[in-house]
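**Student:** Got a predicted model here, sequence first, then my questions.
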Amino acid sequence: MVITDPVLLKGRDPVAVCRAAVTGGATMVQVRWKDGTPAEILELTQALVAALPVPVLVNDRVDIALAAGAAGAHLGWDDPPLDALRPHLPAGFLLGLSVGSPDEAARAPANADYWSVGPCFATPTKQDAGPALGPEGFAAIARLAPEGTPVIGIGGITVSNARSIIEAGATGVAVVGAVIGAPNAEAAARALRQAMS
């Protein structure tokens with residue numbers, strides 16, 4: 001999963017960069033734009049949904065995801081509770097959840113479509129991410145996920161460490177800087193896919 005970041009894009013077209021990342025092997029895109037207005041986030045999400053052949057998710061904003069025709073939303077612990085939202089959403093609408101500790105794992109509803117566990121490593125792109133888990137810490141939390149729930153690693157994932165998170169039990173990884181911050185998103189995504197396989 002490639003996560004957008006307006007700062008790392010440095011003025012480049014987010015749709016073109018995400019399209020290149022998908023060509024390189026990204027299988028999902030998440031729109032994360034913490035200080036974007038709802039109108040800006042909606043416009044970007046609609047453009048990505050129209051341009052990409054992979055699911056597009058929206059960070060924090062179920063309302064925008066629904067309005068844009070996105071595949072789903074990614075929720076944190078400050079967002080409306082996943083199990084309260086689920087009955088009001090269309091069938092097949094994806095809801096992912098950030099899980100960063102055994103305590104959060106214990107409180108997580110059983111019906112998330114995936115867990116995003118991290119930070120796996122130190123990350124400059126999320127200031128409130130908490131201490132790095134490392135592969136062992138990731139594995140310990142991943143084992144707490146309900147049976148059949150995919151768990152992806154996030155936080156400081158690079159070509160050099162992605163394999164260790166896959167070996168620790170991750171279904172995949174979510175990245176910001178490793179692809180969005182790279183000068184060539186297609187090559188960066190391809191290198192990441194190769195590192196994980």
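**Tutor:** Noted; the coordinates are in hand. Numbering: from 1, shown residues only.
**Student:** Work out for me the element Ala178 sits within.
**Tutor:** For Ala178, the element it lies in under DSSP states H and E is helix 177-180.
**Student:** roughly how far apart are the closest residue to Arg163 other than its chain neighbours and Gly25?
**Tutor:** For Arg163, ignoring the flanking residues on the chain, the nearest one in space by CB to CB, 6 or more residues apart in numbering is Ala195 at 5.5 Å. Every residue, glycine included, has its C-beta placed from N, CA and C. Relative to Gly25, Ala195 is positioned 11 Å away (CB to CB, to the nearest Å).
**Student:** now Ile141
**Tutor:** Remark: distance between Ile141 and Gly25 (CB to CB) = 26 Å.
**Student:** More neighbours: these two, which one.
**Tutor:** More neighbours surround Ile141 than the other of Ile141 and Gly25, with 22 against 18 (other CB atoms under 10 Å).
**Student:** from memory that one sits against Asp103, does it?
**Tutor:** No - contact status for Ile141 versus Asp103: not in contact, 10.0 Å apart, counting by CB atoms under 8 Å.
**Student:** What about the residue nearest to Arg163, how many residues nearby?
**Tutor:** 18.
**Student:** Am I right that it falls within a helix?
**Tutor:** Yes - counting by DSSP: H, G, I helix; E, B strand; the rest coil, Ala195 is part of a helix.
**Student:** need the helices for the protein, in chain order.
**Tutor:** Along the chain, counting by DSSP state H, helices occupy 6-9, 14-23, 38-51, 62-68, 82-85, 102-107, 134-142, 162-167, 177-180, 185-196.
**Student:** ok, residues contacting the second one?
**Tutor:** The one in question is helix 14-23. By CB atoms under 8 Å, 6 or more residues apart in numbering, the residues outside helix 14-23 that reach it are 2, 4, 6, 9, 26, 29, 44, 47-48, 51-54, 179-180, 184-186, 188-189.
**Student:** Tell me the buried residues in it?
**Tutor:** By neighbour count on 16 or more other CB atoms under 10 Å, the buried set for helix 14-23 is 14-15, 17-22.
**Student:** And for stretch 156-168?
**Tutor:** Across stretch 156-168, burial judged by 16+ other CB under 10 Å covers 156-157, 159, 161-166, 168.
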